[in-house]
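J.: show me the folded form of this:
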Amino acid sequence: MFMLSAGAVLALFIVFTVGASRGVSSSSDYAVAGRRATGRSVAGTIMGALVGGGATVGTVQMAYQWGVSGIWFTLGSSVACLVLGLWFVGPLRSVELVTLPQFLGKEFGRTTAFLVALSTSLGSFLSVVAQFLSGVALMRSVFPVSANVGALLVGVLIVTFVFLGGIKSFSRLGMWKIAFLYAVMILCIVMVVAKGWTPWKIASALPAEPYFNPLARGPAKDLGALGSLVLGVLCGQIYIQAVYTAANDREARKGCLWASLLIPPMGFLGVWLGLFMRASGVVVQADQALPHFIRSTFHPLVGGVLWSGILIAVLGTAVGLSLGVATNMTRDIVLPLRRDAATMTDRKILSISRLAVVLVVLGAGLAARAAGSSMILQWAYLAMGIKASGIFVILLAAVTWPGRLPGLWSALSVLGGLVGVLLGALFLKGVDPLFPGVLLSAAVAAAGGAMGMRKNGLQ
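T.: Have a look, this model is predicted:
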């Protein structure tokens, strides 16, 4: 009964996605929804990519392991959406583009655009790996399959949703997915309260350390996680792509602000559930905390529906991130390297985009299998940190001080950020690699800006 109800809900969402994909006949529809999206659709795209395995399975996992420090993922996402809506929408939409590397390339040149594409693609790719880890955990909590088969099933579902309509169907799926997901998490908390586990009872049952220390993993790690989310979202292709889909600046801004308001409650619900699982004495593998609660608490017919809601959330986020990586690969890496790009048909560009999605999903699935059962949010934080370290400083320069950072120094700043995050990950244990990455990138950009000003002064 559990499997039948879960399968029925998944089938309904696939049918809905097919309906939403009607009218997708060009690469513009596929990549930016024809630039006609409302604020609701923008919010759906952003939240569809942010509220997935990390905000649900990953947050419950982190709360079960560390307590309230699991809240940083959704809080960081909320702050990022607020900043994106208030300060970045106008400059980004001042030119009609598709990708973040195109925007930065217009300011700093082709070399910088290429490096930015590599940086944001790598970061988003690691985020897809996090979704695979969540999806495999869900699959194995219900079906008697190996981890490899679970990863294969997740990959097939991701590709199916992407091919059915690209970002146009994804934005519509996003809002329905979020509504469904909130219903699932609220119902779970209702059952927790019905069992008598109020926040006060949970607080009395668990020690303050580590479960009620928001910096339980260490200030450098947890504040670094917050910083990675805030800066990483601002530098993420799918979130910038969502801004470009809007019909106008007002709708783009409205979508960002709605996302900022709606994301944090999901984190609080996840932390509450994870703390309950720990306080009640349930012993499970941490990534199985949420699926175990659903499977053991509800009637199989109801449990299957709720389980499918979590899986749809994971798939939706993976779809959005895969679209972002594929768009960067197509628009910023493949097409600039092809001599026939100017004469290439729209259908050919669409085919390349879809092939890129298959490659991204295949690679992420293989990486997830190599990662085993590692902490899901750790992958999410690392992914955001890589994007932020290589991109944030020059994005800030392009938005707030256009024309002042020379192109060569912007490229060196991107490289400096990537080198800094790599060195930090290898040699600075206990410190989020975001910090050395952003600091080195900022130092290089500051040196370049100073030299540019000096040169202009001499002239």
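
J.: which one's the longest helix in the chain?
T.: helix 110-142 (DSSP state H).

J.: tell me where the stretch 301-450 of the chain has helices.
T.: 335-337, 346-371, 376-400, 407-427, 434-458 (DSSP state H, counting those that start in this stretch).

J.: show me what the second one is packed up against.
T.: Judged by 3 or more CB pairs under 8 Å, 6 or more residues apart in numbering; DSSP states H and E, the packing partners of helix 346-371 are helix 27-32, helix 110-142, helix 147-163, helix 300-328. In this view, the C-beta of every residue, glycine as well, is placed from N, C-alpha and C.

J.: now the last one against helix 376-400, angle please.
T.: Here the directions of helix 300-328 and helix 376-400 differ by 40 degrees (axes from the mean of the first three to the mean of the last three CA atoms, to 10 degrees).

J.: reformat the helices and strands packed on helix 346-371 as TSV; add distance to residue 420.
T.: Listed next are the helices and strands packed on helix 346-371 as TSV, based on distance: least, CB to CB, whole Å:
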stretch	distance to residue 420
helix 27-32	31
helix 110-142	12
helix 147-163	32
helix 300-328	21
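
J.: how about the ones you listed, which one is nearest residue 264?
T.: Among the helices and strands packed on helix 346-371, the nearest to residue 264 by CB to CB is helix 300-328 (15.9 Å).

J.: that closest one versus helix 346-371: what angle between them?
T.: Using the same axes, to 10 degrees: helix 300-328 against helix 346-371 is 120 degrees.

J.: determine how far helix 300-328 lies from the middle of the whole chain.
T.: Mean C-alpha position of helix 300-328 versus that of the full chain (CA atoms, centre = their mean, to the nearest Å) differs by 12 Å.

J.: that one - what's its average pLDDT?
T.: Mean pLDDT, helix 300-328: 85.

J.: same question for stretch 79-91.
T.: In the prediction, stretch 79-91 has an average pLDDT of 93.

J.: for stretch 400-411, same thing?
T.: Computed over stretch 400-411, the average pLDDT equals 90.

J.: run the chain-centre distance for that stretch.
T.: 27 Å.

J.: endpoints of that stretch, how far apart?
T.: From its first residue to its last, stretch 400-411 covers 18 Å (CA to CA, to the nearest Å).

J.: okay, buried residues for that stretch please.
T.: With burial defined by 16 or more other CB atoms under 10 Å, the residues of stretch 400-411 counted as buried are 405-407, 409-411.

J.: helix 376-400 and the one helix or strand residue 63 maps to, what's the angle between them?
T.: Here residue 63 sits within helix 59-66, counting by DSSP states H and E. For helix 59-66 against helix 376-400, the angle by the same axes, to 10 degrees is 120 degrees.

J.: for the following helix or strand past helix 59-66, packing partners?
T.: Under the assignment DSSP H and E, the closest C-terminal helix or strand after helix 59-66 is helix 72-83. Using 3+ CB pairs under 8 Å, 6+ apart, the elements in contact with helix 72-83 are helix 39-50, helix 59-66, helix 219-234, helix 249-262, helix 264-279, helix 376-400.
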